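Engineer: Quick one, fold the following:
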Amino acid sequence: MKTKQELHQLVKDLALQGKNVIVDTTLGIFDHDEVFDFWLAMDGIFVLSVLVYCPFTELLEHIICRNYSGQHDQERNIKNILSQFCSLYILARSSNCMIDTLTKQEVVDGLQIARQELSLTKSEDAVEQTISKLAKKYEHAFSLSTHDRVGIASQYCYDLLVNTAQYNADECAKQIVRACVKKITK
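Structural biologist: Next comes the predicted model:
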């Protein structure tokens, strides 16, 4: 496993060799410095940052499907995914920056799914502790203790937002290619 610095250097080296590099990761889910460090490391390199947005309920469906597909390399930790969602998105301050809406009921239902999933491998106390932490995180991040539905926005700025709720995978890929071509020819 490479360190972040080694990964950044590898990406930069490949780009400087004229290769197109796709880094499929979620920057900034653990700390904001991670985003800054990446951009600093990529100084002078063409980078197109893309947010591939998947609505909360669809994301949960994808996780469950992956986790029960029988393909262990495709499984994802539902707690980590729910935490990442809460780190990547914030309460929208205006309709201009709103990507989607999130309801209190969607979060309640999602936490119930997480509870069921986690109960397969963890003790009841550990499950309840995890669910309680996640619930507080969502209430705090999205003001769900005082609102039934909120607008959500990206925590970070991206060159392109691709919304999987609006477009299929092929169309999302075409949007990314068009954005690359457009940014290169500027």
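Engineer: Pull out the buried positions in the helix or strand harbouring residue 173.
Structural biologist: Counting by DSSP states H and E, the element that carries residue 173 is helix 169-184. Within helix 169-184, the residues that qualify as buried by neighbour count (16 or more other CB atoms under 10 Å) are 172, 175-176, 179-180. To be clear about C-beta, it is placed using only N, CA and C from the backbone, and glycine gets the same treatment.
Engineer: Switch those over to a markdown table; also include pLDDT and distance to residue 156.
Structural biologist: Output for those, formatted as a markdown table (pLDDT from 0 to 100; distance: CB to CB, whole Å):
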| residue | pLDDT | distance to residue 156 |
| --- | --- | --- |
| 172 | 91 | 19 |
| 175 | 93 | 18 |
| 176 | 90 | 17 |
| 179 | 89 | 16 |
| 180 | 84 | 19 |
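Engineer: Dump the residues you listed to a markdown table, plus distance to residue 121.
Structural biologist: Output for these, formatted as a markdown table (distance: CB to CB, whole Å):
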| residue | distance to residue 121 |
| --- | --- |
| 172 | 32 |
| 175 | 38 |
| 176 | 36 |
| 179 | 40 |
| 180 | 41 |
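Engineer: Residue 130: which of those is nearest?
Structural biologist: Residue 130 lies nearest to residue 172 out of the buried residues of helix 169-184, by CB to CB, at 31.5 Å.
Engineer: ok, that closest one to residue 91 distance?
Structural biologist: Separation of residue 172 from residue 91 (CB to CB, to the nearest Å): 25 Å.
Engineer: List the contacts of the helix holding residue 173.
Structural biologist: By CB atoms under 8 Å, 6 or more residues apart in numbering, the surrounding residues in contact with helix 169-184 are 46, 48, 50, 52, 159-160, 162, 164, 167.
Engineer: I would like a ChimeraX command selecting only the buried ones among those residues, please.
Structural biologist: Typed into ChimeraX, the line below selects the buried ones among these, using 16+ other CB under 10 Å:
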select :48,50,52,160,162,164
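Engineer: In TSV: the contacts of helix 169-184, plus secondary structure and distance to residue 17.
Structural biologist: As requested, the contacts of helix 169-184 are arranged in TSV below (DSSP: H, G, I helix; E, B strand; the rest coil; distance: CB to CB, whole Å):
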residue	secondary structure	distance to residue 17
46	coil	13
48	coil	18
50	strand	22
52	strand	26
159	coil	22
160	strand	24
162	strand	27
164	coil	32
167	coil	32
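Engineer: Would you mind measuring from residue 127 to residue 62?
Structural biologist: Distance from residue 127 to residue 62, counting by CB to CB: 21 Å.
Engineer: Wasn't residue 102 part of a helix?
Structural biologist: No: counting by DSSP: H, G, I helix; E, B strand; the rest coil, residue 102 falls outside a helix, being strand.
Engineer: Okay then, goodbye and thanks.
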